[in-house]
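# 3D, please:
(one chain, ligands or ions: 2)
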Amino acid sequence: MSTKNCLPLIDLATKQSPSTISSTQTALHQFGAFRLVAPKLTQQCLHSVFQDARAFLSARGFFQLPTQVKEKTRGYSAFDSELVRGKTPIPKETVYFNKKGAENEYSPPLGFQCSVEALHDEWTNLRSQLFSTLSSILDSKESLIGTPSLDYESLGVNFYDSDRLGDRVHFSPAHMDSGTLTILVRAREACDGLEIADLRTTDKLDSEGIGLDASFISVPALPDEVIVLAGTRLQRLLGRSKVRACVHRVRSPTQTSCNRCIANDRLSLAIFCGPPMK
Ligand SMILES: O=C(O)CCC(=O)C(=O)O
Ligand SMILES: [Fe+2]
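Ligands and ions are numbered 1, 2, ... in the order given. This next block holds a predicted model:
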C-alpha cells in the first residue's frame with residue numbers, strides 16, 4: 001500500500017475538492033494523518049535548521065557539542081531521557097524551542113535559534129489556515145480556532161544516532177502524541193523509517209496494543225511535503241468516530257527494508273500545536 005494512495009495531500013493554496021475532502025475524512029479515521037504541501041517549511045529545514053543541528057561539512061552542529069554543554073542548554077532533552085508510556089526510553093536527543101521550562105546556563109547557539117525562528121515564521125503563515133481547513137473538512141461543530149485552552153505550540157528538533165541504539169530496533173517505539181496536531185518535517189531521505197498504523201487492522205485502542213497488533217505503512221519523506229498527525233487531544237475533542245490519534249513509530253536504518261537508507265543518523269523536526277486564537 002503506497003502512502004500516496006493512503007494519505008491525501010492537502011494544498012492550502014487551493015480549494016479542497018470533494019474527493020480530497022472525503023479521502024481526508026477517511027485517512028483521519030484510518031490513520032489519523034494526512035500530507036500537507038509546505039515547500040517553505042521543508043526548505044528551511046533542509047537548508048538551515050538541519051545543518052545547524054548536525055555536523056555539516058566542516059561546521060559542527062548542535063548535537064555534536066560536548067554532552068556537558070548540551071546538558072546545560074535550555075530545552076535540551078538527553079539521549080534515553082524521555083519515556084514512552086512512562087516506561088520505555090526513547091533513544092534520541094531533542095532540543096525543544098518555545099516550551100516553558102527551567103532557565104539554563106546556555107541557550108542553543110544563536111544561528112540555530114535563528115534558523116528555527118525563521119522556520120517557525122513560515123509555519124505561522126500556515127497555522128490558522130490549516131486549522132480552519134481541518135474544521136471544514138471534518139464539519140466540526142467544535143470551534144477549533146479561538147479556544148484559549150487549545151492555543152499552544154512547542155517545537156522539537158530530534159536527533160537519532162544508530163551507533164547508540166544497541167540491539168533496539170526502533171528509534172522511536174509506537175506511540176501517540178498527546179497534543180492536537182503534530183507537524184513532522186524530515187530530511188528528503190526517501191524512506192527514513194517513519195511508519196504509521198492502519199487502525200482498521202486492529203481492535204486494540206492503546207498504543208502498545210496497536211503497536212503489537214496493527215499493520216503499519218511506511219511514510220517516506222516526499223519533497224515539499226510534511227506529514228500532519230492527529231494527537232489524542234484532537235481525538236477526544238472531535239470523537240473517535242471522526243479522528244483517531246495517529247500511532248506512529250520510527251524504525252532504525254538497519255531495520256528499514258529500503259536499501260536507500262544508508263545514513264546512520266536521522267533528524268526530524270516536530271511542531272506540536274493546537275489551533276491559534278485567530
Ligand atoms: O522523528 C520522527 O519522525 C517522529 C518524532 C515523533 O514521533 C515525536 O517527536 O513525537
Ligand atoms: Fe510522536
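
# in a helix, residue 116, correct?
Yes - assessed by DSSP: H, G, I helix; E, B strand; the rest coil, residue 116 belongs to a helix.

# so it sits against residue 156, correct?
No - counting by Cβ atoms under 8 Å, residue 116 stays clear of residue 156, with 10.0 Å between them. For the C-beta atoms, the positions are set from N, CA and C on the backbone; glycine is no exception.

# what's the overlap in contacts for those two?
Jointly contacting residue 116 and residue 156 under the rule Cβ atoms under 8 Å, 6 or more residues apart in numbering are residue 97.

# neighbour-wise, which of those two wins?
When residue 116 and residue 156 are compared for neighbours, residue 116 comes out ahead with 23 against 19, by other Cβ atoms under 10 Å.

# next one: that one, what pLDDT does it get?
Predicted confidence (pLDDT) for residue 116: 96.

# and the closest residue to ligand 1 within the stretch 151-278 of the chain, how many neighbours?
Residue of the stretch 151-278 of the chain nearest ligand 1, by Cβ to the nearest ligand atom: residue 268 (3.3 Å). Residue 268: 26 surrounding residues under other Cβ under 10 Å.

# for residue 154, same thing?
By other Cβ under 10 Å, neighbour count at residue 154 equals 16.

# please apply the same query to the one 5 residues further on.
For residue 159, the number of neighbouring residues by other Cβ under 10 Å comes to 21.

# so which residues of the stretch 101-250 of the chain form helices?
In the stretch 101-250 of the chain, the segments counted as helices under DSSP state H, counting those that start in this stretch are 110-137, 207-213, 232-238.

# could you say which of these is packed most deeply?
Using mean count of other Cβ atoms under 10 Å, the stretch among the helices of the stretch 101-250 of the chain with the largest mean neighbour count is helix 232-238, at a mean of 20.

# let me see the contact set for the residue of the stretch 151-278 of the chain closest to ligand 1.
157, 158, 160, 184, 185, 186, 187, 192, 194, 250.

# doesn't residue 60 make contact with residue 51?
No - using Cβ under 8 Å, residue 51 is not in contact with residue 60; the gap is 10.8 Å.

# before we move on, the earlier item: so which helix or strand takes in the residue of the stretch 151-278 of the chain closest to ligand 1?
Per DSSP states H and E: residue 268 is located in strand 265-273.

# quickly run through the sheet partners of that strand, with directions.
Within its sheet, strand 265-273 is paired with strand 153-161 (antiparallel), strand 181-186 (antiparallel), according to DSSP bridges.

# check whether the shortest one comes near ligand 1.
Yes - part of strand 181-186 sits close enough to ligand 1 to count as contact by Cβ under 6 Å from any ligand atom, namely 184, 186.

# with just CA atoms, put that strand into PDB.
The C-alpha trace of strand 181-186 is given here as PDB (Å, rounded to 0.1, in the frame of the first residue of the first chain):
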ATOM      1  CA  LEU A 181      -1.700  18.100  15.900                       C
ATOM      2  CA  THR A 182       1.900  17.300  15.200                       C
ATOM      3  CA  ILE A 183       3.500  18.600  12.000                       C
ATOM      4  CA  LEU A 184       6.600  16.400  11.100                       C
ATOM      5  CA  VAL A 185       9.300  17.800   8.900                       C
ATOM      6  CA  ARG A 186      12.000  15.400   7.800                       C
END
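
# done for today, thanks.
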